[in-house]
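> I'll drop the sequence and a predicted model, then ask my questions.
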Amino acid sequence: MTTLLWILQLALIPLLSPLAIGLTRSIKARFQNRRGASPLQPYCDLWKLLHKDEVISRDASWIFRVAPFIVFGTTLAIAASIPLLSLSTRTHTNDLLVLVGLLALETFWIALAGIDVGSPFGGFGSSRQMMLASFTEGALVLSLFALALMNSTTDLFGIAEAQSMSGHLFVVPLIVAGISFGIALLAETMRYPFDNPATHLELTMIHEAMVLEYSGPRLALMEWAAANKYLIFIALFGNLFLPFGIAAAGASLSVICISAIIFFIKALIAVFAIAALESSIAKLRIFRLPDLLFTATVLSIIAIVLAL
Amino acid sequence: MSKLSIAQKYIPKEYTVQEHGRPAQAGDVFSFAVEAHDIKNVTERLYKEHKLPLLLITATDERKISGVFKIFYIFGVPSESVFIMPYITTTKSFPSVTPTIHEAMLYERKIMSFFGLTPEGHPEPRSIILHENWPEGVYPLCKDFVWNERPAQGNAPFTFRTIKGEGIYELPVGPVHAGIIEPGHFRFHLAGEEILLLEPRLGYQHKGTEKLFETLPLDRTTALAERISGDSSFSYALLWCQTIEKLASIEVPARAQYLRTIFAELERLANHLSDIGAIMTDTGFNFGGAQGSRLREQVMRTNDRLTGSRFLRGACVFGGVSHDIDKEAAAALAEELEALRKDLQEVIDIADDTLSLYNRLKGTGVLDKKVAFDHGVVGVPLRALGVAADARVDHPYAAYDKLPATIATSEDGDVNARFRVRIDELFTSFEVIQKALEDMPEGAIASTKEVVLPKNEIAVSIVEGWRGPIVCFATTDENGAIARAAFRDPSFLNWEALGYAGAGNMVPDFPLINKSFNLSYSSNDL
């Protein structure tokens, strides 16, 4: 049973993350009166990229070559250390500071890879990414910290457990911290209003600019890592801020099935909400983004004060 | 008042006026020879005192006949359909009028690059359109240029304008872009995200179009005109046909004039719909973008049904049009356009309710009035500065003199103003087409008269394409063949102004500003 749960824990995010991206795209297409590609298209894209030849610039150093593996590996490590379907897969890396550290590591390597080749667009992407990251981190850490205070633990599994036991969904600090985390989620996963994942305009890109020089299998890893991160944040939001339905440690198979269904419904709602947001607003001007992230930081501070 | 007497108001008494154009058009081009040293004064008076818009400066190589080059300075008299055209003759250099008329700058650079004549006193005599690999001393529009052989590899230097200082860096963008668009290079000088200086470098699309007009048989030239800028196929075909009709004194039947108007407005509809969608896409408002593409596609399909070409190619022919719109088709078209208008209104209403969209559009890419006037900006960006200039009203052609003509304007000169001008023009186009469908008289759709060009004649014609006024200047030689065809697309002038509209903005806003101008590379590079 534990083996099965561990397999689920390790494989769930990388296997389903392309679907999350695909679903977001097809819901967006529907909102725009388009038919759009199948939600399974990202799998085909990854398959195609993995089988393509690569072009690597002569100016690229080892950093450019290893970055995709580190970035992808980091997202796998994060996926293994957050509560997903069941609480049985608890280990020593579940602390929220580990999560924040791993995320920072991932961001650092993407940004490094972006400037490595020396192409002007990569440099742009990296500098914008670092600006956003420095503002996002506050909101991210503090909103998680509010949860830690409310539940007297910094262990993510502990928080998820305590939250689902308490059954208090609509307490004010939780909602306030949830909003703050939601904004950080959009910034970390490079969605609207921060970045436009569908843009073809090289001068406006952030994430896409950093990976612009990649091709073939390494591009596939970068894209896949971005998809993983997207689903990781959705899972974190679902299990920490809407913490019901997660299976307790040692639960039976049927309970785990139910918890899986609830997980998918939550993820679907999140994907739908993001697609709706991306279809109904324009992207913000880049220098207005810090304002939004600052608001998120203030909200999480309020949540902490309320939680004390 | 006759056209001659109108022209005489502007032309100083001491010059002998020569009238071009046959009885059918009652002569609308008035040329007069000016001594080279006098041209500065003459043009300055026309431009500054009479406030006539400068339409084009171009040259012809007549060394075989008279041993000289001629340089023509074409001015239009708005709302009179009259063109005033002083010209000078030269063999080597000519006095630059740029110090007094700034917008002459690019025309003179083009004459320098393509005819090898030196503009004396020009502030920035750099080559234009032709790149470093073009051999020195080879001038493609001269008559002795061997057009059907590959020129030698050249190695001329090219320098961009630069700004130097601490923390300022250059960003080269293009000519290959991330999206599927035409090639063009943009050199940015940046301080962080702020654009300090932006210089477009074009010419990648140069394909010797003007030279080809001199070499192709006449019956293939309309197809060539349609390919000057694919998105303006009909406007260019119409422009070229009008020019030839003026030269050959062909009277176009009234029904054909109405049909031409309808087709021209359909082209405007398709492109403006695409543009407002693209502007919304570039702000990230994807809903609006998708609607723009959808609505444009409907117009393209209508074009296809009416003429057998989505781009209305082949629809305009010498003397008229090739496809009629019968009663049934007219009723269907009217109904379709009414549905399209309602659909568009709905999309605009949704866009108007989206604050985040206007947050991006307003105050972005403001074009300074002085800069715009100095550079002779035309078309949509000019109307977005509150100037009511539109060739459909100023130089009525086709059936525009009998149809409602509202010139859409807006005040602020920013992306939003250009966006609004396009939307207003869309609604005007709907009105014009509906009225034209109602009023269209019965009759032939093309003249049956044979096209025979006169010898040594000149014609100037103008059409309001969807970007702005397009000007054509054509001359015939001693055998009655096309000796020179020059085209001036709005893009030629507006590219230069785009650099100024971009400066002071953030880099990520540049694509949006660029889209709000939506200039053509192909018709600039020719």
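Thanks, I have the structure now.

> Contacts only, for the residue in chain B that chain A sits nearest to.
Going by C-beta to the nearest C-beta, chain A is nearest to B:Gly284 of chain B, at 3.2 Å. Glycine gets a C-beta too; all of them are placed from N, C-alpha and C. Applying C-beta atoms under 8 Å, 6 or more residues apart in numbering or on different chains to B:Gly284 gives the contacts A:Tyr192, A:Pro193, A:Asn196, A:Thr199, A:Ile281, A:Ala282, A:Lys283, B:Arg360.

> hey, where'd the strands end up in the stretch 1-150 of chain B?
B:18-20, B:29-33, B:54-62, B:68-77, B:82-90, B:93-95, B:118-120 (DSSP state E, counting those that start in this stretch).

> Give me the domain ranges for chain B.
What automatic domain parsing lists as the domains of chain B is B:3-120, B:209-490+B:521-525.

> Could you tell me the least trusted of the ones you listed?
Sorting those by mean pLDDT places domain B:3-120 lowest, at a mean of 86.

> With adjacent residues omitted, what lies nearest to A:Leu76?
Nearest residue to A:Leu76 in three dimensions, chain neighbours excluded: A:Pro14, at 6.5 Å (C-beta to C-beta, 6 or more residues apart in numbering or on different chains).

> and chain A, which residues reach chain B?
Residues of chain A lying close to chain B by C-beta under 8 Å from any C-beta of the partner chain are A:28, A:31-34, A:120, A:124, A:192-193, A:196, A:198-204, A:212, A:278-287.

> at 7 Å what do you get?
Residues of chain A lying near chain B by C-beta under 7 Å from any C-beta of the partner chain: A:28, A:31-34, A:120, A:192, A:196, A:200-204, A:278-283, A:285-287.

> Of those, just the buried ones, ChimeraX syntax please.
Listed next is the ChimeraX selection for buried residues among the residues of chain A next to chain B, using 16 or more other C-beta atoms under 10 Å in any protein chain shown:
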select /A:28,31,32,120,192,196,200,201,202,203,204,278,279,280,281,282,283,285,286
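
> Okay, and which of the residues of chain A next to chain B map to helices?
Among these, DSSP state H puts A:Lys28, A:Phe31, A:Pro120, A:Glu278, A:Ser279, A:Ser280 in helices.

> Report the contact partners of the last one.
When the contact criterion is C-beta atoms under 7 Å, 6 or more residues apart in numbering or on different chains, the partners of A:Ser280 are B:Phe287.

> so how far is B:Thr98 from it?
Separation of A:Ser280 from B:Thr98 (C-beta to C-beta, to the nearest Å) stands at 49 Å.

> With distance to A:Val171 added, can I get the contacts of B:Gly284 in TSV?
Listed next are those as TSV, based on distance: C-beta to C-beta, whole Å:
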residue	distance to A:Val171
A:Tyr192	28
A:Pro193	28
A:Asn196	35
A:Thr199	39
A:Ile281	29
A:Ala282	34
A:Lys283	33
B:Arg360	37
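
> Which two of those residues have the greatest separation?
A:Thr199 and A:Ile281 (14.6 Å; C-beta to C-beta).

> coming back round to it: for whichever helix or strand the residue nearest to A:Leu76 is part of, give the mean pLDDT please.
A:Pro14 is part of helix A:2-31, with elements assigned from DSSP states H and E. Averaging pLDDT along helix A:2-31 yields 92.

> Whichever strand or helix holds A:Ile175: how far from the chain's middle?
Assessed by DSSP H and E, A:Ile175 sits inside helix A:172-188. Helix A:172-188 sits 13 Å away from the centroid of its parent chain (C-alpha atoms, centre = their mean, to the nearest Å).

> Could you list the buried residues of it?
In helix A:172-188, counting by 16+ other C-beta under 10 Å, buried: A:173-174, A:176-188.

> if I look at the residue lying closest to B:Gly468 once chain neighbours are set aside, how far off is A:Ser17?
Leaving aside its sequence neighbours, B:Gly468 sits nearest to B:Gly379 (C-beta to C-beta, 6+ apart; 1.7 Å). B:Gly379 sits 47 Å away from A:Ser17, going by C-beta to C-beta.

> Give me the below-cutoff pLDDT ranges for the stretch 51-200 of chain A.
Along the stretch 51-200 of chain A, segments meeting pLDDT under 70 span A:167-170.

> For chain B, what's the nearest residue on it?
Closest to chain B within the stretch 51-200 of chain A is A:His200: 3.8 Å, counting by C-beta to the nearest C-beta.

> you'd agree that residue is up against B:Gly179?
Yes. The criterion here is C-beta atoms under 7 Å, and A:His200 meets it with B:Gly179 at 3.8 Å.

> Which residues of the stretch 351-500 of chain B lie near chain A?
B:Thr354, B:Ser356, B:Leu357, B:Arg360.

> Give the full set of residues in contact with the closest residue to chain B within chain A.
As assessed by C-beta to the nearest C-beta, chain B sits closest to A:Lys283 within chain A, at 3.2 Å. Neighbouring residues of A:Lys283 by C-beta under 7 Å, 6+ apart: A:Tyr192, A:Pro193, A:Asn196, B:Thr283, B:Gly284.

> how about a cut-off of 6 Å?
A:Tyr192, A:Pro193, A:Asn196, B:Gly284 (C-beta atoms under 6 Å, 6 or more residues apart in numbering or on different chains).
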